[in-house]
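# With the input below, show me the fold.
(one chain, ligands or ions: 1)
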Amino acid sequence: MKRRDFLKLSGAACLALASLELDSSLFRHLEAKELKDLPGSLGAKEIPSVCDMCFWRCPIVAKVKNGKVVKIEGNPKSPTNGPRICARGNAGIQMLYDKDRLKYPLKRKGARGEGKWVRISWDEALDEIAHNLKKTQEKYGKHSIALFDHGASAGFFRNIFEALGTENFSNEPAFFQCVGPCLLAYLYTFGYQAIDPAKVDLENARAILLVGSHLGENIQVSMVRSLIKGLSKGAKLIVMDPRYSAIAGKADIWLPVRPGTDMAILLAWINYVIEHGLYDKEFVAKHCNGFNELKKAVAKYTIPWAAKISDVPEADLKKAIEILAQNRPHVSIHPGRHSAWYGPQDVQRHRCLAILTALFGAVGVPGGLYFPTNPPLESVELVDFDEVEPPDNSLKNDYPFAELFHGSPTHAIIRATLTGEPYPIKAWGVVGVNLLQTIPNPYQTMEAIKKLDFIFCVDIKPTESALWADIVLPDATYLERYDGLYKCRETSCYVALRQPAVKPLFESRPAFEIARDLAKKLGLEVEYEDIESYLNDQLEPMGLTVKKLAAQGGLVTCEAKPYRSRSELKFNTDSGKVELFCEAFDDEDFDGIPQFMPAPAPPAGYVRLIYGRVPVHTFAKTMNNLWLHHEWPENKLWINDELAAKIGLKDGDEVILENQDGYRSEKPVKVFVTPGIRPDCVYLPHGFGSRSPMLSRAYKQGVSDTFLITHYEQEPLMGASSHRNNFVRFIKDGKVISVPELRPVPREIPRFELKKSA
Ligand code: SF4
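Numbering: from 1, shown residues only. Predicted coordinates:
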């Protein structure tokens, strides 16, 4: 700029300033204009709410400007998270504004699975669903309908299915495919559901054990924060995982266990702790039941034996258990979450973790297992209903402990749909879950869907599961709706409100409204016309309303009492003590004390397929999200470097995967060659390889692990379906690559027999 121009401009600026002083209306006008044009999220309206990009439900603040959500941050009022959220939480905006969203109610016009639909009105869509559910129940009985649901809003639909009288409601795949075995183990050891989230005080632990939990890649903000705080205060970390996960990289000891033998180590550790008097004698004497039975039953499990079975050096096993024992009782033995691994031993493996926790007296103390506090909320339902009466030939009859939980085992429903046994199931509702990318053996699921008279789906996106539906309803995203209240039951306790930041886009509608109108069409009596009254009744004991809660930053804390003195300890079990020996299991002819049962080793020529998370994706839900897709567009197959060298694979090579049942990956996957995984398994991040062409970014990006998980076994106590008994071999240039065995399998471990596969 020339000096003369500058002076002209300065003069103009002085004049403008002078006129601003003289003309206040002009000043206001400019201020408003400035605010409108502030960059980024500056000047945005802040709406406190709750994230739903994963099941963890972190408190957030949505920043809204000119009617659009422009930024999402953590709610600084949150005692667990502060203002932090993860990458997925940030990317919620791209779920809201995803061009591929379902926009209108749709009715199928092609074959199931083709995804050919016509647009219909909400009224027509709800009429069709109500008509078909009623018709199915009239023809085949009240249990002939089933609901697969997941997520915060799914409860409204579950309520309807309960009110319709079926035992096949609330069949959350998240429960019977994931957390169920772990939950049962802790319930029958400590008398409370010490998980979901895992009730371990990582922040105050002096030693931490993670068995297969890859926190850090599996991001749950408050738990990861608590873990990092614990480590930064000096906690020792032991990680048992066949893969050198991100958190294994921070471990003092990494135990690269042979998959399927974790329990051998845990039982040997229990024996070692007893044999060497490393347990908390006072806690065990006063608060535990069945110590003598435990001592006797585990005496045969020695560390040298476990070292051979698990292929982990004896010295490392000893060092690890001694670190844990030295730090008792301030030890966090993480219970895990996804626990449907191998089938037969899944509950018992988690019983081992619970027993070890008890032997260390790590209960009710800082750093140990803590007790959650329930906020004082009223329990209300959209539709009132009488308790569901299971039929004599209930789907739960084969699993003596399934009755403790809502719903029926997922695969019992799928098999009943396929075979009509023990009774026919002819209509499904699928709400907020992509069944085909979630449940083992999607080919079986597709066959079952073909047998249905009717299937409807409520979702935000046209997933591959939605493509199979007769009627598809567009759900509003969490940024466009109210939901049930979020109750945080960690070492802190609070209630948080999910509320809309913007109005629902297109013709999408909040789940509450969809469920309310469907209930009416089904002739059910709804208790609440609007969600605000529904929430207000829940909040009443806290002296709150939706408006008051929103005015208080969307989050109100309650006093939590995570710790107990020893004299205060009480356990809600049959004996009133921690059940080292579980009489209820024994009564049903299961082991009262866990006994080792190895998961079969890979058949010759195959490696075991293991799977897990990447930090920027949730299940198969976020792969189409613009920002997250750019961060992590496809998965790669982790393969051991020694094995790769033997079979001539280099980093970045592409292979087709073929599993033990002959199912192949739809396309080749790139290999990631690393010493960070054992040679008897490969690792494939979960949720990629979408088969829905309507998801423009996720379609055919990477390879689906679930479509290679076709063999499953059911856990015998509660019926969860396992995921880790699947094996793959590689095909390159049209030829099968024979996989050599680099870690000989001891005789005690049987081989998976190819003919046994489903
Ligand atoms: S962990 Fe991330 S995605 Fe999950 S609720 Fe929290 S912020 Fe959202």
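
# and the residue nearest to Tyr528 when sequence neighbours are not counted, helix, strand or coil?
Distance criterion CB to CB, 6 or more residues apart in numbering; nearest residue to Tyr528, sequence neighbours excluded, is Tyr534 at 4.0 Å. Placement of C-beta: from N, CA and C, glycine included. State at Tyr534, reduced to three classes by DSSP: H, G, I helix; E, B strand; the rest coil: helix.

# My understanding was that Asp517 contacts Leu126; is that so?
Yes: if you go by CB atoms under 8 Å, Asp517 and Leu126 touch, sitting 5.5 Å apart.

# So for those two, which residue has more residues nearby?
Leu126 (22 against 17; other CB atoms under 10 Å).

# Show the average pLDDT along the one helix or strand that one maps to.
Element membership of Leu126, judged by DSSP states H and E, is helix 122-140. Averaged over helix 122-140, pLDDT sits at 98.

# same thing with stretch 73-90?
Per-residue confidence for stretch 73-90 averages out to 96 on the pLDDT scale.

# what does stretch 397-414 give?
Mean pLDDT, taken over the full extent of stretch 397-414, equals 92.

# Likewise for stretch 420-428?
The pLDDT scores in stretch 420-428 average 98.

# starting at the chain centroid, how far to that stretch?
The chain centroid and the centroid of stretch 420-428 are separated by 27 Å under CA atoms, centre = their mean, to the nearest Å.

# what sits up against that stretch?
132-133, 136, 139-141, 143-148, 168, 391, 393-395, 397, 413, 415-417, 449, 451-456 (CB atoms under 8 Å, 6 or more residues apart in numbering).

# Return the alpha-carbon coordinates of that stretch using CSV.
Listed in CSV are the C-alpha atoms of stretch 420-428, where the atom choice follows Å, rounded to 0.1, in the frame of the first residue of the first chain:
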residue,chain,number,x,y,z
GLY,A,420,-39.7,-72.2,13.2
GLU,A,421,-38.3,-73.9,16.3
PRO,A,422,-39.2,-73.8,19.2
TYR,A,423,-41.7,-71.4,17.8
PRO,A,424,-42.0,-69.3,14.7
ILE,A,425,-40.7,-65.7,14.5
LYS,A,426,-42.1,-63.9,11.5
ALA,A,427,-41.5,-60.2,12.0
TRP,A,428,-38.5,-58.2,13.0
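
# For the stretch 601-750 of the chain, give the residue positioned nearest to the ligand.
Thr618 (6.2 Å; CB to the nearest ligand atom).

# low-confidence ranges in the stretch 401-550 of the chain?
Within the stretch 401-550 of the chain, no range satisfies pLDDT under 70.

# Would you state the strands of it in chain order?
The residue ranges that make up the strands of the stretch 401-550 of the chain, judged by DSSP state E, counting those that start in this stretch, are 427-431, 454-459, 471-474, 486-489, 493-496.

# Apart from its neighbours in sequence, what residue is nearest Leu418?
Here the nearest residue to Leu418 in space, its sequence neighbours aside, is Ala448; by CB to CB, 6+ apart that works out to 4.8 Å.

# Next up, the contacts around the one you found.
Ile414, Arg415, Thr417, Leu418.

# Dump the residues you listed to a markdown table, plus distance to Glu378 and neighbour count.
Written out in a markdown table, the entries for the contacts of Ala448 read as follows (distance: CB to CB, whole Å; neighbours: other CB atoms under 10 Å):
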| residue | distance to Glu378 | neighbour count |
| --- | --- | --- |
| Ile414 | 36 | 25 |
| Arg415 | 39 | 17 |
| Thr417 | 37 | 25 |
| Leu418 | 41 | 17 |
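
# ok, Tyr712 - contacts?
For Tyr712, the contact set (CB under 8 Å, 6+ apart) comprises Gly343, His411, Pro440, Asn441, Ser721, Ser722, His723, Asn725, Ala758.

# For PyMOL, write the select line for the buried members of these.
Selection of buried members from these for PyMOL, criterion 16 or more other CB atoms under 10 Å:
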select buried, resi 343+411+440+441+721+722+723+725
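
# what's the closest of the contacts of Tyr712 to Tyr683?
Using CB to CB, His723 comes nearest to Tyr683 of the contacts of Tyr712, at 13.1 Å.

# May I ask which helix or strand encompasses His630?
His630 is part of helix 626-631, with elements assigned from DSSP H and E.

# Within range of the ligand, give me the residues from the stretch 1-150 of the chain.
When proximity is defined by CB under 6 Å from any ligand atom, the stretch 1-150 of the chain lies next to the ligand at Cys51, Met53, Cys54, Trp56, Arg57, Cys58, Ile85, Cys86, Arg88, Gly89.

# which ones are touching the second one?
Counting by CB under 8 Å, 6+ apart, Met53 touches Cys86, Arg88, Gly89, Ala91, Gly92, Met95, Thr618, Lys621, Thr622.

# anything in stretch 605-615 sitting right up against the ligand?
No: shown here: stretch 605-615 not in contact with the ligand (CB under 6 Å from any ligand atom), separated by at least 9.4 Å.

# What does the pLDDT read for the residue of the stretch 301-450 of the chain found nearest the ligand?
Distances from the stretch 301-450 of the chain to the ligand, computed as CB to the nearest ligand atom, single out Arg337 as the nearest residue at 13.1 Å. Arg337 is assigned a pLDDT of 90 by the prediction.

# Make sure Leu294 is actually in contact with Leu580.
Yes: using CB under 8 Å, Leu294 is in contact with Leu580, at 4.5 Å.

# got the residues of the stretch 201-350 of the chain near the ligand?
If contact is defined as CB under 6 Å from any ligand atom, the residues of the stretch 201-350 of the chain in contact with the ligand are Ile219, Gln220, Val221.

# how about 5 Å then?
If contacts are counted using CB under 5 Å from any ligand atom, the residues of the stretch 201-350 of the chain sitting beside the ligand are Val221.

# what residue ranges in the stretch 201-350 of the chain score low on pLDDT?
Residues of the stretch 201-350 of the chain meeting the criterion pLDDT under 70: none.

# Could you check how far the residue nearest to Leu418 is from Ile455?
In this structure, Ala448 and Ile455 are separated by 10 Å, where distance is defined by CB to CB, to the nearest Å.

# can you check Leu569 too?
If you measure Leu569 against Ile455 using CB to CB, the figure is 49 Å.

# ditto for Leu395
For Leu395, the distance to Ile455 under the criterion CB to CB works out to 18 Å.

# Likewise for Phe176?
19 Å.

# Just confirm yes or no for the helix holding His630 near the ligand.
No: judged by CB under 5 Å from any ligand atom, helix 626-631 and the ligand are separated, with a smallest distance of 10.1 Å.
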